[in-house]
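Chemist: Here you go, sequence then predicted model.
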Amino acid sequence: MSPAKKQIPLPLSERAPVAGARVIGDVDPDKRIVITIYVRKNPNSPPLPDVNESVGEPPTMSDAEVLAAYGADPADIQKVTDAVTQAGLEVVKTSPEKRSIEVAGPTQAIESFFGVKLQRYATAEGEYRGRTGLIKVPADLAPIIEAVFGLDDRQVGRPRLRRDPRAVFGVPTVQRLDIVRANGLPPYTYLPTALSQIYRFPLGTDGSNQCVAILCFNDPDSHGGYSREALELYFGQVLQFPMPELVDVVVHGQGNDPGDDSGADPLDTSAEVMLDIQMAGGCAPKAKLVAYFSQFTEQGWVDLINTVITDTGNKPSVISCSYGNPEDDPRSAWTLAAIKKVNEAFNAAALRGITICCASGDDGSRDQAGDGRAHADFPASSPYVLGCGGTQLVVTPTGSPWETVWNNGPGSATGGGVSKFFPLPSWQRHVGVPPSVNPGHHVGRGIPDVSGVADPETGVVIITLDGKHLAVIGGTSATAPMWSALIARLNQALGKPLGFFNPTLYGALYYGVLRDVIYGNNGAYAARPGWDACTGLGSPDGMNLLAALAALQASMPQSAGAPAPSHVLEPFRNAYDAFTSALQEAWRASASDGDGTGSFASHASGAYATYVGAAKKGWTDIDTEAVDIASLYAIGQSLESAAGLAAQAATALAGGGAGWKPPTV
């Protein structure tokens, strides 16, 4: 018998039991388990740039360039497959493009290879197979293996869909199709085609030559899927145009498996799948829709995202995601390893020109955590995606839309807040993201970025699985596919994909392009003019967006993605660094002189006045011959960052200043 190989703990793989879970027994040692191993990028390939670290317009690369840099060294794949085979495990499939190896085998052999103990746990929501602590891998594979998923199969992700069981304005929320035809829609509810008009989606566009990826999840113990017959009826007879092209890609699980969309089974995602398809197809009727099906586990999520972003056949230009969990879920839904792998894939998607729209949650600032604190929802909190919040939408008798923050109380309100995991992106520094309301009051990535109708009381009308009823549905699950459809139509109009356009949205498009929503709150955070943690920068005005993007595209020279000349930017960077240093010194002084926030306010005001003077001098002395669009954009980012830093300080002072500190230079 050969001696046991030394094992090394796998970073970021630590697991804790779901809160309140109890062990009910060991997993059957002979039960077959399928897991996915992810390996490092090819060390001989050039590194992938991070779109959040670029100056000016985020970089894009060709599909071939991205996939070559993202993929694995075949030799690494072979080394891992040899090792697992020698351990008596079966290699199901490998993918150098995704850097993944799918492996199957009996529980006992899996436990031995990865140094874990798998047990069955019972919770109030059901049972799951789980582990605790860190995964371990053979020492000779430790430099190669980055993550392992599938050992733990707890549910990760929930649909961001809401329905109101009560009558809306005295009208039942689910009615027979023939009754709606006779009496009309319930008041203040909308078909997707009406929303396209209300939000002024670009005229002359329909999503032609675009592909929208719709993420779909279901549970092996339940169902989730769509009825093609019901969808054909909805598009043909209700919306009165042909059903869009719809194809399935199955990553894990049973694929399209429609069950019960009434809400009786909380694990059945059929209503979510139906909503996403009808919203995306109803707002972009000529776009190709691809439903990617997987399971509600970490393995299901990571494998699904990697399948979508490496799909060069369907080649989606937009991804719609209507699911999520609190990023720091008390139930330990996400491991740090999974968040890292998903973000890696999101960055690769951005480099391929793919826009990712994610629902921000439907339980206000608490995000279904139930621990008395505010939480941001992942993946909406990822700095690589467009987080989509929710509004209540009322169209007045004169045809004017009026929107407020969607908040009907606990369990029915838009998500939004401040990320615990992700720092404040450079493109958000100027918008005044507030300190978190949680202890510590850190400042991080703020979500959402944008918003749209989500209140189930002013919701979207879709057909049910039986094809006989229309239902009023809400949630940020409606907002994300609507924005995905809008981006597909903008891509069509512009002749190129928007891709990762958050820096542009917060830069050149920050003022006067979207419809600002300034009334309401989601619990811990309130709406206000400009960006807020309820509705982001606001709801869409498609024609305004297209005009602004087209003007920007026309004025941007081919070299605009290159860094601006350093001698042009240097005065502004120096002024910003001096301002940050002065804020730090003011903060230290206020802590030592006993006057607290009063002293800091005085010093900070002087520091900002000095900064403004230095910025003005920099502009007066600028070398005009060296200034192009890229230079102006970078200078604008510097000015906006300083203004945002001042706004953060002012916001903190208004709240007493507790917990806020200036960033380091």
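Modeler: Thanks, I have the structure now. Residues are numbered from 1 along each chain as shown.
Chemist: Find me the pLDDT at the residue positioned nearest the centre of the chain, would you?
Modeler: Nearest to the mean C-alpha position of the chain, by CA atoms, centre = their mean, lies residue 380 at 2.7 Å. As predicted, residue 380 sits at a pLDDT of 97.
Chemist: quick one: contacts for it?
Modeler: Each residue near residue 380 by CB atoms under 8 Å, 6 or more residues apart in numbering is listed here: 324, 358-361, 387-388, 415, 447-448. Glycine gets a C-beta too; all of them are placed from N, C-alpha and C.
Chemist: Quick one, which of these are buried?
Modeler: With burial judged by 16 or more other CB atoms under 10 Å, the buried subset of these is 324, 358-361, 387-388, 415, 447-448.
Chemist: Now distance to residue 574, pLDDT and secondary structure too, for these, in JSON lines please.
Modeler: Below are these laid out as JSON lines (distance: CB to CB, whole Å; pLDDT from 0 to 100; DSSP: H, G, I helix; E, B strand; the rest coil):
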{"residue": "324", "distance to residue 574": "41", "pLDDT": "90", "secondary structure": "strand"}
{"residue": "358", "distance to residue 574": "37", "pLDDT": "98", "secondary structure": "strand"}
{"residue": "359", "distance to residue 574": "42", "pLDDT": "97", "secondary structure": "strand"}
{"residue": "360", "distance to residue 574": "37", "pLDDT": "97", "secondary structure": "coil"}
{"residue": "361", "distance to residue 574": "41", "pLDDT": "93", "secondary structure": "coil"}
{"residue": "387", "distance to residue 574": "33", "pLDDT": "98", "secondary structure": "strand"}
{"residue": "388", "distance to residue 574": "38", "pLDDT": "98", "secondary structure": "strand"}
{"residue": "415", "distance to residue 574": "39", "pLDDT": "96", "secondary structure": "coil"}
{"residue": "447", "distance to residue 574": "32", "pLDDT": "98", "secondary structure": "strand"}
{"residue": "448", "distance to residue 574": "34", "pLDDT": "98", "secondary structure": "coil"}
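Chemist: Doesn't the residue nearest to the centre of the chain lie inside a helix?
Modeler: No: counting by DSSP: H, G, I helix; E, B strand; the rest coil, residue 380 is not part of a helix but coil.
Chemist: ok, so what distance separates it from residue 108?
Modeler: With distances taken as CB to CB, to the nearest Å, residue 380 is found 39 Å from residue 108.
Chemist: same check, this time on residue 605
Modeler: Counting by CB to CB - residue 605 and residue 108 are separated by 68 Å.
Chemist: hmm, who's touching stretch 118-135?
Modeler: 9-10, 13-18, 20-27, 33, 107, 110-111, 114-117, 148, 151-155, 221.
Chemist: hmm, 7 Å instead?
Modeler: Residues external to stretch 118-135 that are found in contact with it (CB atoms under 7 Å, 6 or more residues apart in numbering): 9-10, 13-18, 20-27, 107, 111, 114-117, 148, 151-154.
Chemist: can you tell me which of the residues you listed are in helices?
Modeler: If you go by DSSP state H, the contacts of stretch 118-135 have 107, 111, 114 in helices.
Chemist: Could you give the number of residues near residue 620?
Modeler: 8 (other CB atoms under 10 Å).
Chemist: Looking at it now. What's its pLDDT?
Modeler: Looking at residue 620, its pLDDT is 76.
Chemist: roughly how far apart are it and residue 611?
Modeler: Distance of residue 620 to residue 611, computed by CB to CB: 15 Å.
Chemist: re the thing from before, could the ones in helices among the contacts of stretch 118-135 go into a markdown table alongside pLDDT?
Modeler: Formatted as a markdown table, the ones in helices among the contacts of stretch 118-135 follow (pLDDT from 0 to 100):
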| residue | pLDDT |
| --- | --- |
| 107 | 97 |
| 111 | 97 |
| 114 | 97 |
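Chemist: Format the residues you listed as JSON lines; extra columns: distance to residue 183.
Modeler: Converted to JSON lines, the ones in helices among the contacts of stretch 118-135 look like this (distance: CB to CB, whole Å):
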{"residue": "107", "distance to residue 183": "57"}
{"residue": "111", "distance to residue 183": "61"}
{"residue": "114", "distance to residue 183": "60"}
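Chemist: Now stretch 9-21: buried residues?
Modeler: Neighbour-count burial for stretch 9-21 flags 10, 12-15, 17-18, 21 (criterion: 16+ other CB under 10 Å).
Chemist: Could you list which of these belong to strands?
Modeler: Residues of the buried residues of stretch 9-21 located in strands (DSSP state E): none.
Chemist: of all the residues you listed, which comes closest to residue 259?
Modeler: Within these, the smallest distance to residue 259 is 24.3 Å, found for residue 18 (CB to CB).
Chemist: Perfect, I'm done here.
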